[in-house]
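Q: sharing a model that was predicted from the sequence below.
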Amino acid sequence: MATTNVLRILDKATGKEVMRCIGPAPDGSCPRVEIGDIIPCSGHALVEASWDDAYTYEVSGQATLCPLTVAAALAVPPDTYLTPER
């Protein structure tokens, strides 16, 4: 689940960078806060640091899960079982 991509965290109003992030820990959690706490990028926008024309992803102001973890979870093909078949 970990990523080597550097993400810029932008102020949504000004578009200016406020910090950078390397994404989730191997378990999918944000390495900057305790599980369940609001993540540092909440209320901001994320963009891939190495792309000048990358799509900006807005993060909810109450987000407690890394957006990259959520995106990876939602990319599961619809015919994939999330729990073992019985």
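A: Arrived safely.
Q: show me what contacts residue 47?
A: Going by CB atoms under 8 Å, 6 or more residues apart in numbering, residue 47 touches 7, 8, 10, 54, 55, 56, 57. In this view, the C-beta of every residue, glycine as well, is placed from N, C-alpha and C.
Q: how about it, secondary structure?
A: Following DSSP: H, G, I helix; E, B strand; the rest coil, the label given to residue 47 is strand.
Q: any idea how far it is from residue 35?
A: Note on residue 47: its distance to residue 35, by CB to CB, to the nearest Å, is 25 Å.
Q: and for residue 18?
A: For residue 18, the distance to residue 35 - CB to CB - is 23 Å.
Q: higher neighbour count, those two?
A: For the pair residue 18 and residue 35, the greater number of neighbours falls to residue 18 (14 against 11), based on other CB atoms under 10 Å.
Q: grab the most central residue of the protein for me.
A: residue 67 (2.6 Å; CA atoms, centre = their mean).
Q: in this protein, which ranges drop under the pLDDT threshold?
A: Low-confidence segments of the chain (pLDDT under 70): 1-4, 52, 76-86.
Q: which stretches of it form helices?
A: 67-74 (DSSP state H).
Q: which parts of it are strands?
A: Here the chain has its strands, by DSSP state E, at 7-10, 17-21, 45-48, 57-58.
Q: partners of the shortest one in the sheet?
A: Pointing back at strand 57-58 there. strand 45-48 (antiparallel) (DSSP bridges).
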